[in-house]
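Asks: with the sequence up front, the predicted model follows.
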Amino acid sequence: MLMKLFNEIKEISEEWFSGRNDEWLKSQISYRNMTKLDMTMGQIKHIGHFMYHSDAIFRENGIETGEYLDYFGKE
C-alpha cells in the first residue's frame, strides 16, 4: 500500500515539474505573496510528513514498509 502511494507521488511530481524552468518556479502566486517554488516546497514537506508518520505507525505495528531511496536513487 505504501509503495503504491510512493509511486503515485513520483508520477505526480514528474508530471508537475515536466517542462518547468526557473522562471516558472520564481513566478508569484496570489496566495500570501509566495512563489510557485515556495508552494511546491511546502507541498513536498507536507507529503514527507505524511509518509514518515505513516511509516512510523506501520513499523510500530509490525508492518513491513519499503526501503527509502535518497534523491539520487541510492539507499
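Replies: Yep, it's here. Remember, predicted model here, so these are calculated numbers, not experimental data. Numbers count the residues shown, from 1 in each chain.
Asks: need the residues that contact the longest helix belonging to the chain.
Replies: Longest among the helix segments of the chain by residue count, using DSSP state H, is helix 36-60. Judged by C-beta atoms under 8 Å, 6 or more residues apart in numbering, the contacts made with helix 36-60 from elsewhere in the structure are 2, 5-6, 9, 16, 24-29, 31, 64-65. From N, CA and C alone the C-beta is placed, and that goes for glycine too.
Asks: only whichever of those are buried, select them in PyMOL.
Replies: Filtering the contacts of helix 36-60 down to the buried ones (16 or more other C-beta atoms under 10 Å) takes a single PyMOL command:
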select buried, resi 6+65
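Asks: circling back: give the buried residues for the longest helix of the chain.
Replies: For helix 36-60, burial by neighbour count (16+ other C-beta under 10 Å) applies to 36, 38, 40, 51.
Asks: now, the most widely separated pair of these?
Replies: Lys36 and Met51 (22.3 Å; C-beta to C-beta).
Asks: secondary structure class for the residue nearest to Met3 when sequence neighbours are not counted?
Replies: Distances taken as C-beta to C-beta, 6 or more residues apart in numbering place Gly66 nearest to Met3, at 5.0 Å, with adjacent residues excluded. Taking DSSP: H, G, I helix; E, B strand; the rest coil as the rule, one finds Gly66 in the coil state.
Asks: quick check: mean pLDDT of the longest helix of the chain?
Replies: Rounded to a whole number, the mean pLDDT of helix 36-60 is 85.
Asks: any idea how many residues pack against Asn7?
Replies: 10 (other C-beta atoms under 10 Å).
Asks: from Ser27, how far off is it?
Replies: Counting by C-beta to C-beta, to the nearest Å, the gap between Asn7 and Ser27 amounts to 29 Å.
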